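# The sequence and its predicted three-dimensional model are supplied below.
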Amino acid sequence: MFVLVAPPGLAADSLLSQGRPATSSSNEDGTLLPAAAFDGSPATRWASAEGHDPEWLRVDLGASASVSRVKLLWEAAYATSYRIEVSPDGSAWTQVYATTVGNGGTDDLTLSGTGRYVRMYGLSRGTPYGYSLYEMEVYGTRGGVTPTPTPTLTPAPGGPAVPFGSHRIPYAAGTLRPGGPVAALDQKVIDYYRAWKAAFVKQNCGNGWYQIISPDADHPYVAEAQGYGMVVTATMAGADPDAKKIFDGLVKYVLAHPSSITPGLLAAEQNTACQSVNGGDSATDGDLDVAYGLLLADRQWGSSGTYDYRRLAIAHINAIKAGEVNPATKLMKLGDWTSAGDQYYWISRSSDWMIDHFRAFRKATGDATWDTVRVNHQNLIASQQAVHAPNTGLLADFVVNTDTTAKPAPGQVLEDANDGKFWWNACRDPWRIGNDAVTSGDSRSLAAARKLNTWIKNKTGGNPDNIAVGYSLGGTQISGGSEPAYFAPFAVAAMTDPGSQAWLDALWNKMLATPFTADDYYSTSIQLQVMITVTGNHWVP
């Protein structure tokens, strides 16, 4: 829900910059764009490329103006030395303010200058990262007359900061979206979400808990499902008025079912009595999504309510690092139950390689370990594609020997004989890799996603009905039939290729034409999250 903010009374220095076109010398990724520093929200920000000087952020006021004040709201990555400059044409610049002793926080600067363009020109960083501003506000008068600011839509008090369908956080330049009106695409997601919610969001365990039920899994409640539920519910805030209530119920359930090995993590499986079973240890994929969901919730609703989402998120991220990151390889383990010396210690599951999650964890904690984790997984994706699937780009469900020369599982190592093939875990990889490609624009994620897209489009002749259930890494079909868990994720990969609009549209239409299945939690949960991404509604907190 939104409320209309009334224009303020006329003042000597009116806000001129909000909502105006903005550019920058660089962006850290596809989510931290210049416009975010001029949108009036302290929940969004611009960030430059890390580790580089100088960098600048510029706004076009639309006409020449007398500038009297500039207010900078710095993120943790601030400038110690910077200038404020004005220009009539965006080429010739005049300095109106300079400092060499910046210390971050809020800089509210009184100055005097005239120009259409105003920029912050960063000369020296205060951290090893880049420059990052939540907001840059430029005040003054345009053409000698104080303008009346245009009324803007802002989230209602207590409402979500990034409501579903607001598309406030753009994807990387060149990313495709299915054809048709944006509102119509969003409505299809909402419709599918409502069906998913009715089928799988339950309160079967009492205690004020919510759970995501998984009738097609080994147990009715699994960590993977709770993670999906937290990410989906936080993302759908604004479309579902009960989103926060459900999210908090899921948090309560998660906190009540800690891993028996690493208490900060979630136990992997619960029975019909909602009791943890099979040792009560963790599953990596569920924990990654739980932590990510908590970061989304902190961004959506803040952390001053019933739960301190941010504190819980950082605690969960740190527990993941302690219990589920292999300390030698900095690759994800299968769970906290495997330890040095056992047969599973050097095995990793490709569907746990969630690059956008690792970026979010790095930003939330400031822990550079997550940069290493991200890069090591990107290296592994590239090497597995190049060496073991040069023609397809497919990844195996499980990769072994991660301590030496990593390779696809030679046969059954955890689940079944297809552990070394593109099977029921790896089917998610085009979606997981593609999520990072479209949100960050990272060249390595783009290359990996495009490789997958090129192969599957050619393999099927551009017909999504021909996407099989499982493949060898060489591209040989394992099983017939058609499953959303297999065909839907390729839509995210298709978004990364400018020449795949017709293919993306075909995949989207295939999703819409596939009947909803109320007992197939796995496929429908994957398709829902794919639909969120391809309509431009996935974002990185």
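Perfect, thanks for sending it.

# count of neighbours near Ala328?
For Ala328, the count of nearby residues is 11 (other CB atoms under 10 Å). Any C-beta I mention is one placed from the backbone N, CA and C, and that applies to glycine too.

# what's the helix or strand for it?
Using DSSP states H and E, Ala328 maps to neither a helix nor a strand.

# My guess is it contacts Asp403. True?
Yes - with contacts counted by CB atoms under 8 Å, Ala328 reaches Asp403, the gap being 6.4 Å.

# and for the two, which residues touch both?
Shared contacts of Ala328 and Asp403 (CB atoms under 8 Å, 6 or more residues apart in numbering): none.

# quick one: buried residues of stretch 523-530?
Buried residues in stretch 523-530, counted by 16 or more other CB atoms under 10 Å: Ser523, Thr524, Ser525, Ile526, Gln527, Leu528, Gln529, Val530.

# Now, those residues that are in helices?
In helices, judged by DSSP state H, the following of these are found: Ser523, Thr524, Ser525, Ile526, Gln527, Leu528, Gln529, Val530.

# Can you tell me how far the third one is from Val189?
Pointing back at Ser525 there. For Ser525, the distance to Val189 equals 13 Å [CB to CB, to the nearest Å].

# Can you pull the residues that touch both of these two?
Contacts common to Ser525 and Val189, judged by CB under 8 Å, 6+ apart, are absent.

# picking that back up, so which of the ones in helices among the buried residues of stretch 523-530 comes closest to Gly441?
Val530 (19.3 Å; CB to CB).

# list the contacts for the closest residue in space to that closest one that isn't next to it in sequence?
Distances taken as CB to CB, 6 or more residues apart in numbering place Ala488 nearest to Val530, at 4.2 Å, with adjacent residues excluded. By CB under 8 Å, 6+ apart, the residues touching Ala488 are Trp431, Leu507, Met511, Ser523, Ile526, Gln527, Val530, Met531.

# if you set the cut-off to 6 Å instead, what comes out?
Neighbour list for Ala488: Met511, Ile526, Gln527, Val530 [criterion: CB atoms under 6 Å, 6 or more residues apart in numbering].

# I'd like to know which of those residues is nearest to Leu133.
Val530 (32.8 Å).

# Show the residue spans covered by the helices in the stretch 301-450 of the chain.
309-324, 355-365, 369-388, 429-440, 443-459 (DSSP state H, counting those that start in this stretch).

# still on that earlier bit, put together TSV for the ones in helices among the buried residues of stretch 523-530, with pLDDT and distance to Pro464 on each row.
Output for those, formatted as TSV (pLDDT from 0 to 100; distance: CB to CB, whole Å):
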residue	pLDDT	distance to Pro464
Ser523	98	14
Thr524	98	17
Ser525	98	19
Ile526	98	15
Gln527	98	12
Leu528	98	17
Gln529	98	18
Val530	98	12
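
# Distance to Ser41 added to those residues, as CSV?
Compiled in CSV, these are given as follows (distance: CB to CB, whole Å):
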residue, distance to Ser41
Ser523, 36
Thr524, 33
Ser525, 30
Ile526, 31
Gln527, 31
Leu528, 27
Gln529, 25
Val530, 27
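
# Pick out whichever of those residues sits closest to Thr100.
Nearest member of these to Thr100, counting by CB to CB, is Gln529, at 47.1 Å.

# Now name the helix or strand holding the nearest residue to that closest one once chain neighbours are set aside.
With CB to CB, 6+ apart as the criterion, Gln529 has its nearest non-adjacent residue at 6.5 Å, and that residue is Val232. Per DSSP H and E: Val232 is located in helix 223-235.

# Now do that helix, average pLDDT.
The average of the pLDDT scores along helix 223-235 is 98.

# ok, now stretch 131-139?
Rounded mean pLDDT across stretch 131-139 is 93.

# Same question for stretch 34-54.
89.

# measure that stretch end to end?
For stretch 34-54, the first and last residues are 16 Å from each other (CA to CA, to the nearest Å).

# The residue lying closest to Pro178 once chain neighbours are set aside in helix, strand or coil?
Excluding the flanking residues, the one nearest Pro178 by CB to CB, 6+ apart is Trp508, at 4.0 Å. Taken by DSSP: H, G, I helix; E, B strand; the rest coil, the conformation at Trp508 corresponds to helix.
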